[in-house]
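Engineer: Curious how this folds, go ahead:
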Amino acid sequence: MSDPVASNSGSLCKSMKNSPNTLIAYVKYFGSIEDNVLSAEMSSIDSKGMTLLYKLPGVSQSQSLWVPFDPRLSKYDEVKPRLLTMKEKALEGLGMLTTPQLTTFRFPTKALMTPIIFLAYFYFLAPPPPGTTFFSIPVATMDTIFIPSRMFGSFTGIGFAARTLATFLTVVHTAEGLYTLSLCRRYVKSAAVTAAYVGCTLLFGVHIWKDLKARVQEKRVEAVAKFE
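Structural biologist: Next up is the predicted model:
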């Protein structure tokens, strides 16, 4: 069976000639070369790795470096994403990639599911005892509303006191808020934006800090793509 990447080695090597600084970064990082690298080029590539040729000051002959792919590539379409990932790793490792800084807040629409999930938690896991009224709602109506949740509790044996469940969710969201604060200290410039992220994490939870990390990654990928 032919190698899906090796068959396109020539065109890939030709394409990488347009990114000399990226190739130098590959050499310095993956080859642990501390000396100044004058130039670098890709001489071949296959599903297992790529071979780079580079020149050092005072050395007339080009040096060769084989950089393995871990894991190996299974198809041609994986080449560019893998090279981009390795480029990001090399630039970060060499200190050539600046830390992304966010100046605005973005509210992910997925976070709107959090209140619904909270209500579901309390409905199924912490229903009020029979005979309870709430906001002048008749007892009979309340008992009817919570029949499914009490059936769920009887069937699964799962149930918590409302205060216990509220305490648990508060602890979880507080921990997430502290984690978000640590992310903001590194990636967010504005105190107002930081307050928005931390506050919304306390209220809406995981989707807020996940979106924050996604935005940081988007900025990082954008910076990596611009580096040639």
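
Engineer: Ser60 belongs to a helix?
Structural biologist: No - counting by DSSP: H, G, I helix; E, B strand; the rest coil, Ser60 falls outside a helix, being coil.

Engineer: where's it relative to Asn36, distance?
Structural biologist: 16 Å (C-beta to C-beta, to the nearest Å). All C-beta spots, glycine's among them, are computed from the backbone N, C-alpha and C.

Engineer: Out of these two, name the residue with the larger neighbour count.
Structural biologist: Shown here are Ser60 and Asn36; by other C-beta atoms under 10 Å, Asn36 has more neighbours (9 against 6).

Engineer: Spatially nearest residue to the more buried one, not counting backbone neighbours?
Structural biologist: Pro57 (5.8 Å; C-beta to C-beta, 6 or more residues apart in numbering).

Engineer: now the one you found, what's its secondary structure?
Structural biologist: Pro57 is classified as coil under three-state DSSP.

Engineer: Helix or strand next in line after the lengthiest helix in the chain, which one?
Structural biologist: If you go by DSSP state H, the chain has its longest helix at helix 162-187. Remark: after helix 162-187, the chain's next helix or strand is helix 191-204, criterion DSSP states H and E.

Engineer: report the angle between the axes of that next one and helix 162-187?
Structural biologist: Angle, helix 191-204 to helix 162-187, by axes from the mean of the first three to the mean of the last three C-alpha atoms, to 10 degrees: 150 degrees.

Engineer: I'd like to know which elements whichever helix or strand comes after helix 191-204 is packed against.
Structural biologist: Later in the chain than helix 191-204, the nearest helix or strand by DSSP H and E is helix 206-226. Helix 206-226 sits against helix 79-93, helix 162-187, helix 191-204, with contacts defined as 3 or more C-beta pairs under 8 Å, 6 or more residues apart in numbering; DSSP states H and E.

Engineer: Nice, that's everything, thank you.
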